[in-house]
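> fold the stuff below for me.
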Amino acid sequence: MEPRRVDSRSDRLSPHGGSETGRALVLEPYLRGRAAASAQSRPGATARTPSSRLDEAVGLARAIDLNVVSAGIVPVGAIRPATFIGKGKAEEIAGLVKTQDAGIVVMDCALSPIQQRNLEKAWNAKVLDRTGLILEIFGRRARTREGALQVELAHLNYQKSRLVRSWTHLERQRGGFGFLGGPGETQIESDRRLIEERIARIEAELEKVKRTRKLHRDSRKRVPYPVAALVGYTNAGKSTLFNRMTRARVLAADMLFATLDPTLRAIELPKGLRIILSDTVGFIADLPTMLVAAFRATLEEVIEADLVLHVRDVSGEDSEAQALDVEQVLGQLGIAQENAILEAWNKTDLLDDEMRIRLSNLATRRPAGDRPVLVSALSGEGIEQLAAQIETRLAQRRITLNLVIPASDGAGLSWLYRHAEVITKQLRDDGQVVIVARTDPANADKARAKFDGEAH
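Model prediction:
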C-alpha cells in the first residue's frame, strides 16, 4: 500500500474534536492494466488521479467524524471475487489495521456482500465501501422527516443484499398438519421479509411526500415566480452561493455533503424579477443508483426548475471530471443539455492571476447562450453579473403582455395576479386598466384567450 499523509483537522464536522466515531483506515484501490482500461470504458466513467480520489474518500470519512489514522492507495492488478484486492494485499493490510488499532476500514469502491464479509473476517474490523459510507453521511445529514425517509429507504435496499446466514439456528416451526412441523422460517428469511415490509411502508409514505411536493410546486406556479435550482458537485460552494444571494443562513461548511435537505427562498433580481432559488443536495462521482432513486422526490425540484444553475469549483484539478459527473446525474433525472442550464464557475478567489485570465478567456469564447459566469460566493465577486445573467435567461423564457381590462372585472384582475407577474398597472379615464404583465408561455396563451391581450 502506498501511504499518504493526512491532515487530522480538515473536513471535520466538529473541528474541535471530542466527537470521533472511530479510528479509520481509508484505502483507495487503484486498478492497473486491463482492469483500469475496463473500468474506464464503462459508460459515464470519468478519469481521475488515484491521489484525488483518495483525498475525496478521506473527506467523506471525516464528514462523519471518523479519525483517519492512515490512508493509502492500493494497486490492484485484477479484481478478486473473494476479497477484491487479493489475498496477499489483504494480509498486508490486516497487519496495518492491527498496528494502527483501526476499528473501521473504508474501501473507496463498490464491494459485493461476499467481499465485504470476507474482508471483515480477515481484518477483524468493520468494512465500509463507498456506497455504505455515503449512506452513513446522508443518515447524519437528514434533518427533515422526508430526508430521513429517503435515507432509510436507500439504506434498507443496500442492506437487503447484505443479509448473511448468521442465525440459521433460530428457525421457527410454522405450518404442517397435526404433529408434523416443517423446517420453518429461517432468521435470514424473516429479516428479509421485515425489510421488504418496511421498504413498502416507506415507499408509500414517500408517495405522499411526492404528492405534497407537487401541490407545493403547483401553488408556486399559481404565484408565477420562476424557479432556479442550484446543482453541482458536493462542496462546490452551492450553499455559500445560496446564502450570498438570499441572505439566508443555510449550513455552509468546507466538507462533503454539508447540505442534504432542500431549501427554497424568494429573491428579487436587479431589474425587479422575483424568483425562487432552490438549494439541493450535492452530487458525487459514482453516486449510488439507489440514492438517486430514493431522492427523486427531492430532486424533482431540479426537474421542474425553469433554470438549472450548475455551480462548479474551478479551483480544483478535477473540475472537468466533476462537471461530467453532475451532467451524468442530470441525465439520469431526465434533464437534457437543451434545458436551460447556466454554469457558475465558483471559487475564483482561490485562483492566481494567470488561471483567472485563462478561465475568463475560455468563458468568453463560448456562445452567448452557453457562457458561464465567474464568481466567488465567499467574497461576492461576480454575484451581480450572475444575478443579471439569471434574470436574462429567465426573461427569455417568459412572455410580456400588454393587456386592457375593465376596472370592474375584479375576477379577471384577480386571475391575472395569481397567474402572472404584474409589472405595471395604470387606470385610464374611461375606466379601463392598462396592465403590463409577464408570465410563462402556457399562462400567456390563457391570458390572450381571456383578455385578448397582445404579446411582445
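> when you work out contacts or count neighbours from here on, use the C-alpha atoms and nothing else.
Fine.
> show me where pLDDT drops low in the stretch 101-250 of the chain?
164-187, 217, 220-224, 250 (pLDDT under 70).
> pLDDT weak spots in the stretch 251-400 of the chain?
Looking at the stretch 251-400 of the chain by pLDDT under 70, you get 251-261, 289-290, 293-298, 336-339.
> all helices for it, in order.
289-294, 296-303, 319-332, 353-365, 383-396 (DSSP state H, counting those that start in this stretch).
> report the beta-bridge partner residues of Ala344.
Val311, Val373 (DSSP bridges).
> contacts only, for it.
Applying Cα atoms under 8 Å, 6 or more residues apart in numbering to Ala344 gives the contacts Leu309, His310, Val311, Arg312, Pro372, Val373, Leu374, Val375, Leu386.
> if you set the cut-off to 7 Å instead, what comes out?
Going by Cα atoms under 7 Å, 6 or more residues apart in numbering, Ala344 touches Leu309, His310, Val311, Arg312, Pro372, Val373, Leu374, Val375.
> hmm, Thr234 is touching Ala285, no?
No. Between Thr234 and Ala285 there is no contact under Cα atoms under 7 Å: 9.5 Å.
> settle it for me: which of these two has more neighbours?
More crowded of Thr234 and Ala285, by other Cα atoms under 10 Å: Thr234, with 24 against 21.
> mind listing what the closest residue to the more buried one other than its chain neighbours touches?
Excluding the flanking residues, the one nearest Thr234 by Cα to Cα, 6 or more residues apart in numbering is Gly282, at 4.2 Å. When contacts are counted by Cα under 7 Å, 6+ apart, Gly282 touches Val231, Gly232, Tyr233, Thr234, Phe257.
> wouldn't the first one be in contact with Leu309 here?
Right, the one you point to is Val231. Yes. Between Val231 and Leu309 there is a contact under Cα under 7 Å: 6.1 Å.
> higher neighbour count, those two?
Val231 (28 against 25).
> what sits against the more buried one?
Counting by Cα under 7 Å, 6+ apart, Val231 has contacts Thr280, Gly282, Val308, Leu309, His310, Val311.
> for the helices of the stretch 251-400 of the chain, which one sits closest to Asn124?
For the helices of the stretch 251-400 of the chain, proximity to Asn124 was assessed by Cα to Cα; helix 289-294 is nearest, at 28.4 Å.
> Arg393: neighbour count?
Counted with other Cα under 10 Å, Arg393 comes out at 17.
> and if you look at Gly103?
17.
> contacts only, for the closest residue in space to it that isn't next to it in sequence.
Leaving aside its sequence neighbours, Gly103 sits nearest to Ala125 (Cα to Cα, 6+ apart; 5.0 Å). Counting by Cα under 7 Å, 6+ apart, Ala125 touches Gly103, Ile104, Val105.
> please report the distance of Ala125 from Ala24.
10 Å (Cα to Cα, to the nearest Å).
> shared neighbours, those two?
Gly103, Ile104, Val105.
> the second one contacts Arg23, correct?
Yes. Contact between Ile104 and Arg23 holds when scored by Cα under 7 Å: they sit 6.4 Å apart.
> ok, those two, which is more surrounded?
Remark: of Ile104 and Arg23, Ile104 carries more neighbours, 23 against 18, as counted by other Cα under 10 Å.
> which residues touch the more buried one?
Contacts of Ile104 (Cα under 7 Å, 6+ apart): Gly22, Arg23, Ala24, Leu25, Ala125, Lys126, Val127.
> over to Leu54?
By Cα under 7 Å, 6+ apart, the residues touching Leu54 are Glu28.
> in the strand or helix carrying it, which residues are buried?
Using DSSP states H and E, Leu54 sits within helix 50-62. Judged by neighbour count using 16 or more other Cα atoms under 10 Å, the buried positions of helix 50-62 are Pro50, Arg53, Leu54, Asp55, Glu56, Ala57, Val58, Gly59, Leu60, Ala61, Arg62.
> cool, stretch 84-100 as well?
Here stretch 84-100 shows Phe84, Ile85, Ala90, Ile93, Ala94, Leu96, Val97 as buried, counting by 16+ other Cα under 10 Å.
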